[in-house]
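Trainee: A predicted structure for the sequence below; I have some questions about it.
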Amino acid sequence: MIKVAGLIKRFGGTAVLDGIDLAIEQGEIIVVIGPSGTGKSTLLRCLNFLERPDAGRLTINDLDVDVTRASRRDILTARRRTAFVFQNYALFANKTALENIAEGLIVVNRWPKEKAHARAREILARIGLADKADAYPASLSGGQQQRVGIGRAMAAQAEVILFDEPTSSLDPEWVEEVLELMKQLARERQTMLVVTHEMSFARDVADRVIFMEGGRIVEQGPPDQLFGAPQDPRTRNFLRKVLATQVSPEGVN
Amino acid sequence: MSLLDLDYMLGLAPILMRYLPLTLEMAAAGMVLALVLACGLAVIRVLRIPGLNAATLLFISFFRGTPLLVQLFLFYYGLPQLLAFLTQINGVTATIMGLTLHFSAYMAESIRAAIVGVDRSQTEAALSIGMTNGQLMRRIVLPQATRVAVPTLMNYFIDMIKATSLAFTLGVTELMGATQKEAAGSFLYFEAFITVAIFYWAIVELLAWFQRRLETRLNEAYRR
Ligand SMILES: Nc1ncnc2c1ncn2[C@@H]1O[C@H](COP(=O)(O)OP(=O)(O)OP(=O)(O)O)[C@@H](O)[C@H]1O
Ligand SMILES: [Mg+2]
């Protein structure tokens, strides 16, 4: 169980996150949507301490800290319990697909190399890249790179995987394979917090959709409710805009 | 009578060979020490350590802004005057010192640029899985920075080998000093200096060959 309470993050005086309260159940799949510059990335980055929040309380299992007082140890613990999937993949360019996935196990979890590589091979098979074990990122397609990025997050066996627009940098041809992998994880009930503009993914996969604007959670609920009967005018406004531009084969309710 | 006295040159080569080790030793010592110092300076610059950063900038500015020959004279003739206990500083030591300080200033900047050049998102990815700063440096940043820095550093090493010839101005009998003496005895200046030129050229070519092989290996991960 992951919980944040009263999370605040300021950049030069403006509160980019303005009191976020959020609890994530184990196995829950949450999709976060909202206009650009609303603090969605910042929220994910704060959970992982890539940004240092200015106020709030973070709970991940037995870790329970006031974020402003978090020690180096607390931060490392929080990071080990939250895995991050980046928009631009951020694979280690000097390491093969296999090594990218095994790296955290070897360095952070201090597994012996053989054991870590064996695990990494299992994960490569699950993400459909068993034949790319020895390929370096530069030789992989965008979709393959992002799948390795997800594989690296899977290896961490974190409490939650945080996805920050995992398909936004991809050429359209690679989007589907990455979404498919994420759906597979969702079926396995991997806890996920996903920032995305893929509304059909949100509708099909999410247990809960959160609409953020101006650093706050404006509205949240199951996808049927949020997309079908949005309560807040800001939510309606946002949905009208994105659904008008996004051509989804099935349409969204 | 040919244009060049080839027999003289062939006779000179084995003599010069005896002085080759000293030249290479000075260059090797200078390179190792300069690398260590340059890494330290680069880290200070990357982390912008207060105080030290300003001192490092001054150091780099001075050693890049003045001729190596002036720096060598400063150490060889100037230091003993300042520090009484150094009644006489050995020419070899002064040369190694000069090479170290001079080249470390250049190398620090290329190492710094290589470190800063490593894609910031990889740093975040490493931190996001719980790596410490040390692990991040050792496993992700430095290996990639090395690949970027190696060609430049190799070029500095080549420059440094050639720069060891200045040691003869401090009375060190290395390759250049030995050639100078031999030439003065035989009056065959052209033959003597063309022979020593071939010596330097051969060393540099050998290194360049090694450099190409090393770069091919380092670039393996980046071929598409
Ligand atoms: N490091 C930073 N320094 C200063 N301002 C920042 C920084 N990071 C983000 N911001 C600002 O904080 C606000 C929220 O940014 P954030 O990236 O979290 O938005 P987002 O909801 O993820 O937007 P997008 O959909 O465009 O990715 C923006 O106004 C952004 O300019
Ligand atoms: Mg964002």
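Mentor: Great, that's in hand. The shown structure was predicted, so the numbers you read here are calculated from the model rather than taken from an experiment. Ligands and ions are numbered 1, 2, ... in the order given.

Trainee: Please name the nearest non-neighbouring residue to A:E165.
Mentor: A:Q87 (4.5 Å; C-beta to C-beta, 6 or more residues apart in numbering or on different chains). In short, each C-beta sits where N, CA and C put it, glycine included.

Trainee: contacting residues for the one you found?
Mentor: A:164-166, A:168-169 (C-beta atoms under 8 Å, 6 or more residues apart in numbering or on different chains).

Trainee: is it true that A:V85 touches A:S168?
Mentor: No - here A:V85 lies out of contact with A:S168, judged by C-beta atoms under 8 Å, at a distance of 11.5 Å.

Trainee: Tell me the helices and strands packed up against the longest helix seen in chain A.
Mentor: Secondary structure of chain A read by DSSP state H shows that its longest helix is helix A:172-187. Here helix A:172-187 touches helix A:142-155, strand A:192-195, helix A:199-205, going by 3 or more C-beta pairs under 8 Å, 6 or more residues apart in numbering or on different chains; DSSP states H and E.

Trainee: Of all these, which one comes closest to A:L63?
Mentor: strand A:192-195 (16.6 Å; C-beta to C-beta).

Trainee: And chain B, is that closest one touching that?
Mentor: No - using C-beta under 8 Å from any C-beta of the partner chain, strand A:192-195 stays clear of chain B, coming no nearer than 13.5 Å.

Trainee: neighbouring contacts of that strand?
Mentor: A:24, A:28-33, A:40-41, A:43-44, A:47, A:160-166, A:182, A:185-186, A:201-202, A:206.

Trainee: among these, which are in reach of ligand 1?
Mentor: By C-beta under 6 Å from any ligand atom, the members of these lying near ligand 1 are A:40-41.

Trainee: Flag every buried residue along whatever helix or strand A:K241 lives in.
Mentor: Element membership of A:K241 [criterion: DSSP states H and E] is helix A:233-245. Neighbour-count burial for helix A:233-245 flags A:234-235, A:238-239 (criterion: 16 or more other C-beta atoms under 10 Å in any protein chain shown).

Trainee: Which secondary structure elements does the helix or strand harbouring A:N100 sit against?
Mentor: Assigned by DSSP H and E, A:N100 belongs to helix A:97-107. Contacting helix A:97-107 under the criterion 3+ C-beta pairs under 8 Å, 6+ apart are the following elements: helix A:113-126, helix A:142-155.

Trainee: hmm, try it at 10 Å
Mentor: Helix A:97-107 sits against helix A:113-126, helix A:142-155, helix B:120-128, helix B:133-136, with contacts defined as 3 or more C-beta pairs under 10 Å, 6 or more residues apart in numbering or on different chains; DSSP states H and E.

Trainee: Let me have those in CSV, adding mean neighbour count, distance to ligand 1 and mean pLDDT as columns.
Mentor: Formatted as CSV, those follow (neighbours: other C-beta atoms under 10 Å in any protein chain shown; distance: least, C-beta to the nearest ligand atom, whole Å; pLDDT from 0 to 100):
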stretch, mean neighbour count, distance to ligand 1, mean pLDDT
helix A:113-126, 17, 28, 97
helix A:142-155, 26, 16, 97
helix B:120-128, 20, 11, 95
helix B:133-136, 15, 19, 91
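
Trainee: Let me know which of the ones you listed is the nearest to B:T173.
Mentor: Among the helices and strands packed on helix A:97-107, helix B:133-136 comes nearest to B:T173, with 45.4 Å by C-beta to C-beta.

Trainee: Could I get the buried residue list for whatever helix or strand comes next after the closest one?
Mentor: The helix or strand immediately downstream of helix B:133-136 is helix B:142-163, counting by DSSP H and E. For helix B:142-163, burial by neighbour count (16+ other C-beta under 10 Å) applies to B:142-145, B:147-150, B:152-154, B:156-161, B:163.

Trainee: can you state the direction angle for helix B:142-163 and helix B:120-128?
Mentor: Following axes from the mean of the first three to the mean of the last three C-alpha atoms, to 10 degrees, one obtains 130 degrees for the angle between helix B:142-163 and helix B:120-128.

Trainee: For the lowest-mean-pLDDT helix or strand in chain B, name the packing helices and strands.
Mentor: Least confident element among the helices and strands of chain B, by mean pLDDT, DSSP states H and E: helix B:79-82 (a mean of 83). Judged by 3+ C-beta pairs under 10 Å, 6+ apart, helix B:79-82 is in contact with helix B:91-117.

Trainee: which secondary structure elements does the helix it packs on contact?
Mentor: By 3+ C-beta pairs under 10 Å, 6+ apart, helix B:91-117 packs against helix B:20-47, helix B:52-65, helix B:68-73, helix B:79-82, helix B:142-163.

Trainee: and with 8 Å instead?
Mentor: Going by 3+ C-beta pairs under 8 Å, 6+ apart, helix B:91-117 lies up against helix B:20-47, helix B:52-65, helix B:68-73, helix B:142-163.

Trainee: Now find how far off-centre it is within its chain.
Mentor: Relative to the centre of its chain, helix B:91-117 is centred 7 Å away, using C-alpha atoms, centre = their mean, to the nearest Å.

Trainee: Give me the average confidence score over that helix.
Mentor: Per-residue pLDDT over helix B:91-117 has a mean of 95.

Trainee: in that helix, what's buried?
Mentor: Buried residues in helix B:91-117, counted by 16+ other C-beta under 10 Å: B:91-115.

Trainee: Kindly report the same for stretch B:62-69.
Mentor: For stretch B:62-69, the neighbour count (16+ other C-beta under 10 Å) marks B:63, B:68 as buried.

Trainee: quick one, what contacts B:P21?
Mentor: So B:P21 contacts nothing (C-beta under 8 Å, 6+ apart).

Trainee: Low-confidence bits of chain A, can you list those?
Mentor: A:246-253 (pLDDT under 70).

Trainee: now check the helix holding A:K241, is it near ligand 1?
Mentor: No - contact of helix A:233-245 with ligand 1 (C-beta under 6 Å from any ligand atom) is absent, the minimum separation being 11.2 Å.

Trainee: Distance of the residue nearest to B:L72 when sequence neighbours are not counted relative to B:L153?
Mentor: What sits nearest to B:L72 in space, not counting adjacent residues and going by C-beta to C-beta, 6+ apart, is B:G98, at 4.3 Å. From B:G98 across to B:L153, the span is 18 Å (C-beta to C-beta, to the nearest Å).
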